[in-house]
Each structure stands twice: as structure tokens, then as C-alpha cells.
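1. with the input below, show me the fold.
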Amino acid sequence: MSAPLVIRVASASPAEVAGLVVGDEILRIDGEIPRDVIAYQLLTDEADPELEIRRGGLEMTLTVAKAAGQPLGAEVHSALFDQVRTCDNHCEFCFIYQLPPGMRESLYLKDDDYRLSFLYGNFTTLTRFTESDLERVVTEKISPLHVSIHSTDPDLRSEMLRNRRGATSLRWLRALLDFGIEVHGQVVVCPGRNDAKTLDDTLAGVLDGFSELATICVVPLGISKYNPEPLMRPHTREEAAAVVDSVEEWQEVFLATLGRRIVFAADEYYLLADRPFPSAESYEGFPMHEDGIGMARTFEAEFNGDSEEATGIATGFFAWVDGAPADGYRAPRVAGGVPTTGRNIAVSLSPRKGAPVAVLTGTYGAQILEPLVATVGREDIRVLAVDNQYFGGNTGVAGLLTGADLIRVLASEPEGHRYLIPDVCLSQGRFLDGLTPADLPRSVEVIGTDGISLRKALERS
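-> Okay, here's the model as predicted:
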């Protein structure tokens, strides 16, 4: 176990007044060793916490004068100070197994840790969940959690996870719901495996045994060109349409039975099926926005000025891997709207005022942005879809854009234009392939992955 390392101290905060500085290791708080940022937050939330720290090899004690509930004012280096609970499943659809070789080592780590489920929205299968975990979740009210279901048939779930505990681990889901923990579920649909009648059976199983679930997102499996499973393949248009039909039929069942829809299909399904997105009202507040449920509708409302603030936090698939949790929970990305000049060319021309604008995004995002940008009525603004050749397969989301693909596309684009890229493809200022915006051959502006940020960026042109 490593001690939490202080990486930032807020000016004039109780931590700074007490003498805590960047680089201090916090060994104990009121005599307790914090094992993760959840415990750290609970302990530092108390009045006048006593911190045992190590600085330059010397140990000392600081008493922080503060009221209960007042922020300490110190940010630490990681979400977990002990080991990440790794995943012992071998899911045939797991995207981690489909990563290209040569990426940084941290990206290949599979977690099945309920704490990361709470902190970052990661989905856990509960196959490594224990009685002590349940006790802590209930006692400390660690909620909401996110649970991968995939199937409510024990044998099929065990087969899909390639783990015999997959047949029984949903008992922990039942226990969490019994204790009033908010849980969001997920079904990754694999064609020919858990779609069609099996998907109907799964949703019937939810209604019968897990009706207290807050929501269920139904999402398509992602396939990269490195996919090692020959039976795993992308959906056809007809299969995507069948999933949409099934989800919408079950929404009516849940609505009639429980008074809420519970189950929602990912935006990607509507794009694949060439169907219009449901109304904003039908998403019931967009509780699973981060999982790609209703992003198109929220983006539309934000871009059109119908929403005063962005809905949800766009984190990206690997957001938890390298990020220290801002305010104890979420990893900061980069400052939005800041131009970054490429350094791979001899001369880089900064965009002039009124320069043409290109909005770069993934192929799925382009389908959503193009009709919105067209409403601006300016021929000098265009959407530039970036085909993801780095991952290949059906990878089309903006969060998996890499520096290599952006370099390939931008290299043939004219200098002096404004190029906007979404912050969701960056974590700690880096793309998934380790490159940074400074490696790109054109100056780019990193903006928030929401309609408000895009609208404001276009208004500046």
C-alpha cells in the first residue's frame, strides 16, 4: 500500500494554513491509514483532523483546524492507495483484449473494483465482491454503483464472463438493492449471443428479480481490428434495429409496471439502425449520459441554447487509468479552448480572426454534429470526421481518437484554419497513444465535449 501523496494544496485552505505542502505523504489521518480516496474524504471531512505525514524522509504530525464538512484543500495523487482489484473474468467481448500492442502499460489493466465503479462509473461484474465489501458499501453509503449484467441467465452469464462465479455473483446485486444502494446496470449486446430473445429474457429477468435498478443501458460491443474472438462481430443494421425495437417495447412494459422506463439503448444503436433519436423527455433526466445514453439529445439542446449547462461529465473509456481525482472524484482533463501549436512542422501559422473552422470528431460524432453545424448557416464551418485507423473495427467514438489518426487527417488540411478537438479524447493532456496536442501538425483548440462549448467556440470565429 502506498501513502496518498499531496499533489496540490489550495491557497488559503485549512491544509495550507496547517503547513501541508505538495510532496507530503499522508501516512495516517486521526490514526487511520486511508486505503483509497473514499476513506480519505470521509476522514478529512471530520473537524480538526490530525495528519501524520512524511516529508523528506522525516515524519511529523499536523493538526488541521477546520469545521466538520469543510474541505481540507489538498488533492492527492490517486483514487486508490492500495492495489486495484483486477478483473478475473475473460469476457469474449472485452475491449482491453482488443487493444493494439505498444500502448502504455496502465491501459492494459482490467479492473473489477467497486470503488472505481463508484468514483469513475466503471462497471463491475461483482465476481470478486465479498461480504466485507458489502458491509463497507452499506455502512459508508458508497452509492451509486454500476454493475455489468449482460444476461440474467446464470449459465449464459457465466459463459460470457468465462468465469463460473458469473453464475452466482448477481446475488450481490440483489443484496445491494435490498440495502437501498443505487445501482445502474449494463448489458453489452453481442450478436448471436445475448441479443434477440435472449435480450428479452434478460429484461424480463430484471423486471422479475431486480426491478429496483435505477437504470439499465443496452450498448453494442466494440470491435477493434485486434479482436481475437472470431465469433464477436459488429451488429448489422437489421440487428441494431431489432435491439432498438426490443428496448422501446420493454420501456413501455417497465413504464406501465413500475412507472419508469429503466432501460435505454445507446445512441450508437440509433445511428447504426438509421433511426431518429428518442425525445429528450423519454430519457428521464439522462441518468446514464456518460454511458452514451442520450448524448445526442443533450448535445442538441446545449448547442441550440435550450440548456444552460452541460449534462453530465464526459470521461472517456480510460479516464480512470492515469488521472488523479479532482476534488476527490474525477480526473481533470485539459483547459478547454486553449490553442495548442503543433511542433512537427517548420512554420505553424496561427489562425487569423474569421478563419474557416473545422470541428474534428469520430465518425459517430460526425453524424450528430453535421446537421447541427449546418443550422449555423456558415459555409466556412465544417465537421471533419476522423476515421479511427489506430483501433480499426467499428471504433467510431470521439473518446477513442488518437494522436496518430489526428496527425494523419490534419497533415493534409490547410494551415491557418481553426481546428477544434474534443477534450474527451485526452487524459492528463495525452491521447491514448501517448501523443499530445503539441505533436499535431496544425494548431488545435481543445474544447469541452458538449454543445455549449462548441457553440461558444463557433461564436468566437
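2. okay, now the unreliable bits of the stretch 351-461 of the chain?
-> Filtered on pLDDT under 70, the stretch 351-461 of the chain yields the residue ranges 351-352.
3. can you do 80?
-> Applying pLDDT under 80 to the stretch 351-461 of the chain flags the ranges 351-353, 428, 461.
4. can you give me the helices in it?
-> Applying DSSP state H, counting those that start in this stretch to the stretch 351-461 of the chain gives helices spanning 363-374, 403-410, 451-459.
5. pick the most buried one from these.
-> Counting by mean count of other Cβ atoms under 10 Å, helix 403-410 has the highest mean neighbour count of the helices of the stretch 351-461 of the chain, with a mean of 21. C-betas here are computed from N, CA, C, even on glycine.
6. what does that one contact?
-> 342, 344, 360, 384, 386-390, 419, 421, 431, 433-437, 439-442, 444 (Cβ atoms under 8 Å, 6 or more residues apart in numbering).
7. check stretch 97-108 too.
-> Identification of contacts with stretch 97-108 by Cβ under 8 Å, 6+ apart yields 96, 222-224, 226-229, 318, 321-322, 390-391, 393, 432-434.
8. for the chain, which helix is longest?
-> In the chain, assigned by DSSP state H, the helix with the most residues is helix 237-258.
9. hmm, back to that, hmm, which of the contacts of helix 403-410 are the buried ones?
-> Taking 16 or more other Cβ atoms under 10 Å as the criterion, what is buried in those is 342, 360, 384, 386, 388, 390, 419, 421, 431, 433, 437, 439-442, 444.
10. in the residues you listed, find the pair that's most separated.
-> 342 and 388 (20.2 Å; Cβ to Cβ).
11. and the strands in the stretch 251-400 of the chain?
-> Under the criterion DSSP state E, counting those that start in this stretch, strands of the stretch 251-400 of the chain are mapped to 263-265, 338-340, 357-362, 381-386.
12. give the rounded mean pLDDT of the first one.
-> Looking back up the chat, that one is strand 263-265. Averaged across strand 263-265, the pLDDT comes to 98.
13. that strand pairs with which strands?
-> Using DSSP bridges, the strands paired with strand 263-265 are strand 215-220 (parallel).
14. what is the least confident helix or strand in the protein?
-> Sorted by mean pLDDT, DSSP states H and E, the helices and strands of the chain end with strand 338-340, the least confident at a mean of 47.
15. pLDDT of stretch 190-205, averaged?
-> Stretch 190-205 shows a mean pLDDT of 98.
16. give me the beta-bridge partners of the residue of the chain most remote from its centre?
-> Computed with Cα atoms, centre = their mean, the residue of the chain farthest from its C-alpha average is residue 58, at 38.8 Å. Beta-bridge pairing for residue 58 (DSSP bridges): residue 55.
17. so what's residue 251 closest to, chain neighbours aside?
-> Of all residues not flanking residue 251 in the chain, residue 261 sits nearest, at 4.1 Å (Cβ to Cβ, 6 or more residues apart in numbering).
18. and that neighbour, what is it in contact with?
-> Applying Cβ under 8 Å, 6+ apart, the residues near residue 261 are 251, 254, 255, 282, 284.
19. that older thread, between the buried ones among the contacts of helix 403-410, which is closest to residue 139?
-> Residue 139 lies nearest to residue 431 out of those, by Cβ to Cβ, at 40.0 Å.
20. touching, the closest one and residue 402? I think so.
-> Yes. Using Cβ atoms under 8 Å, residue 431 is in contact with residue 402, at 4.9 Å.
21. residues shared between the contacts of those two?
-> By Cβ under 8 Å, 6+ apart, the residues touching both residue 431 and residue 402 are residue 425.
22. what is the nearest of the buried ones among the contacts of helix 403-410 to residue 206?
-> Distances from residue 206 to the buried ones among the contacts of helix 403-410, taken by Cβ to Cβ, are shortest for residue 388, at 32.6 Å.
23. and for residue 59, the neighbour number?
-> Residue 59 has 11 neighbours, counted by other Cβ atoms under 10 Å.
24. mind giving me the domain ranges of the protein?
-> Using automatic domain parsing, the domains assigned to the chain come out as 6-76, 96-293, 338-459.
25. of all the ones you listed, which one comes closest to residue 302?
-> With Cβ to Cβ as the criterion, residue 302 lies closest to domain 338-459 of those, at 2.9 Å.
26. noted, bye for now.
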